[in-house]
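Colleague: fold the stuff below for me.
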Amino acid sequence: MDIVIRRAEPGEYEPLGEITARAYLQDGLLDFGESDEYLSELKDVAGRAAAAEVLVAVENGRLLGGVTFVPSGGPMADIARPSEAEIRMLAVAHDGRGRGAGEALVRACVDRARATEGCARIVLSTQRTMHGAHRIYERLGFVRTPERDWNPIPHLDDITLLTYELTL
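Modeller: Down below sits the predicted model:
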C-alpha cells in the first residue's frame, strides 16, 4: 500500500470538496433540511484550509480522500474544549475505500494532536450510520462519550451526532 498522508494542496481543494460531498451524499448522510448549507461547507475545502489543517490521502498520485484536523482552540471546532483537538469531515471516495486511507487519515490527526503542545485529547462527532468510521475510531482506541452527543439542527430530533474521544 502506497498511501501518502499530507497537507492538501490548493489544486486539490475542489476535487477533495467533491469527494467529501459525494461520500456524504452517497452514504445518505445529508437527508435533512439544511443539507444544502452543509453541502456547501463540505465542498469549501479552501475555507477549511484557511482555518484548520486539511489532510489528504493520496495513492500513486490519486486523491482518495481527506480530513480536517482542528488544533486545540481552532475556529472550526464544533465540540472541542480547551486542550482538545478535533477531527472533522473525514471522507474517502467510494472507489477508494477498503485500502486503509480512512484509518491513515485518522492516525495522522492523532499524531498531530500528540504533537500539539497542551493537547490532552482528540474528539470527533459522527452520524449513527457511519459504521465503517466507528470501527476505525474504536480500533484506534477512541471511546464513545454519550454525554457529549449533540444535535447540530435542534429542530430536527433525529440528527443527534455521536461523539468519541481519545485521551492522548
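
Colleague: just checking, residue 127 touches residue 151?
Modeller: No: with contact defined as CB atoms under 8 Å, residue 127 does not reach residue 151; the gap is 11.4 Å. All C-beta atoms are positioned from the backbone trio N, CA, C, and that covers glycine.

Colleague: for those two, indicate the residue with more neighbours.
Modeller: residue 127 (17 against 12; other CB atoms under 10 Å).

Colleague: follow-up on the earlier one: find the residues that touch each one of residue 127 and residue 151.
Modeller: Jointly contacting residue 127 and residue 151 under the rule CB atoms under 8 Å, 6 or more residues apart in numbering are residue 161.

Colleague: could you export the helix or strand that contains residue 138 as CSV, CA atoms only?
Modeller: Using DSSP states H and E, residue 138 sits in helix 131-139. In CSV, the C-alpha atoms belonging to helix 131-139 read as follows (Å, rounded to 0.1, in the frame of the first residue of the first chain):
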residue,chain,number,x,y,z
HIS,A,131,-20.4,2.3,11.0
GLY,A,132,-17.2,2.0,9.0
ALA,A,133,-15.8,5.1,10.6
HIS,A,134,-16.9,3.9,14.1
ARG,A,135,-14.9,0.7,13.6
ILE,A,136,-11.8,2.8,12.7
TYR,A,137,-12.2,5.0,15.7
GLU,A,138,-12.7,2.1,18.1
ARG,A,139,-9.8,0.2,16.6
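
Colleague: just how off-centre is the next helix or strand after it within its chain?
Modeller: Once the chain leaves helix 131-139, the next helix or strand it forms, by DSSP H and E, is strand 143-144. In terms of CA atoms, centre = their mean, to the nearest Å, the centre of strand 143-144 is set 16 Å apart from its chain centre.

Colleague: just the mean pLDDT for the next helix-or-strand element following strand 143-144, thanks.
Modeller: Note on strand 143-144: by DSSP H and E, the next helix or strand toward the C-terminus is strand 162-167. For strand 162-167, mean pLDDT is 97.

Colleague: run the angle between strand 162-167 and helix 131-139 for me.
Modeller: Interaxial angle of strand 162-167 relative to helix 131-139 (axes from the mean of the first three to the mean of the last three CA atoms, to 10 degrees): 20 degrees.

Colleague: partners of strand 162-167 in the sheet?
Modeller: Applying DSSP bridges, strand 162-167 is found paired with strand 121-126 (antiparallel), strand 143-144 (antiparallel).

Colleague: list of residues touching the first one?
Modeller: By CB under 8 Å, 6+ apart, the surrounding residues in contact with strand 121-126 are 78-81, 83-88, 90, 109-110, 113, 133-134, 137, 142, 145, 148, 150, 161-168.
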